[in-house]
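Quick one, what's the 3D model for this:
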Amino acid sequence: MLKILNIALPITVVLAGIIMLVTKRFEYMIYYVLLLGGFTLFTSIRDIRKKEDEGQAYMNIIIFVLLLILYIFIFVLN
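Model (predicted):
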């Protein structure tokens, strides 16, 4: 499951970025940043499992959780 996500998420992030740049429609930017955060979360989980660069992986997870809390507040307030 994690291998599939490690392949699919980068492709999705790159395609979403290209589509936004070509169409110049940035109203979905918040979802793009959340998708990018999910990509860093899964990359961090992979690094922790492989015992590679664990300090940076834990920092990425903390940043993702803070971004998730921020997005929850944005959606609740809108």
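
pLDDT score for Asn78?
Listed pLDDT for Asn78 reads 68.

For Leu2, report the pLDDT, please.
65.

go on, Asn6?
pLDDT, Asn6: 69.

Likewise for the one 5 residues further on?
For Ile11, the model assigns a pLDDT of 82.

Can you pull out the residues in contact with the helix or strand where it lies?
According to DSSP states H and E, Ile11 maps onto helix 2-23. The contact list for helix 2-23 (C-beta atoms under 8 Å, 6 or more residues apart in numbering) reads 26, 28-29, 32, 35-36, 38-39, 42-43, 45-46, 49. Bear in mind the C-beta positions are built from the backbone N, C-alpha and C, glycine included.

In this structure, which helix is the longest?
Assignment by DSSP state H gives helix 54-77 as the longest helix of the chain.

So for that helix, what gets flagged as buried?
57, 60-61, 64, 67 (16 or more other C-beta atoms under 10 Å).

what's the next secondary structure element after the helix holding Ile11?
Criterion used, DSSP H and E; the element after helix 2-23 is helix 29-50.

Just the buried positions in that next one, please.
32, 36-45, 47.

which one of those is nearest Phe73?
Gly37 (14.9 Å; C-beta to C-beta).

Verify the stated contact: the closest one with Phe64.
Yes. The criterion here is C-beta atoms under 8 Å, and Gly37 meets it with Phe64 at 4.8 Å.

related to what we said a few turns ago, pipe the buried residues of helix 29-50 into CSV and attach pLDDT and distance to Leu5 per row.
Output for those, formatted as CSV (pLDDT from 0 to 100; distance: C-beta to C-beta, whole Å):
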residue, pLDDT, distance to Leu5
Tyr32, 78, 17
Leu36, 80, 14
Gly37, 81, 13
Gly38, 80, 8
Phe39, 80, 9
Thr40, 81, 12
Leu41, 83, 10
Phe42, 81, 5
Thr43, 82, 10
Ser44, 84, 12
Ile45, 84, 9
Asp47, 82, 14
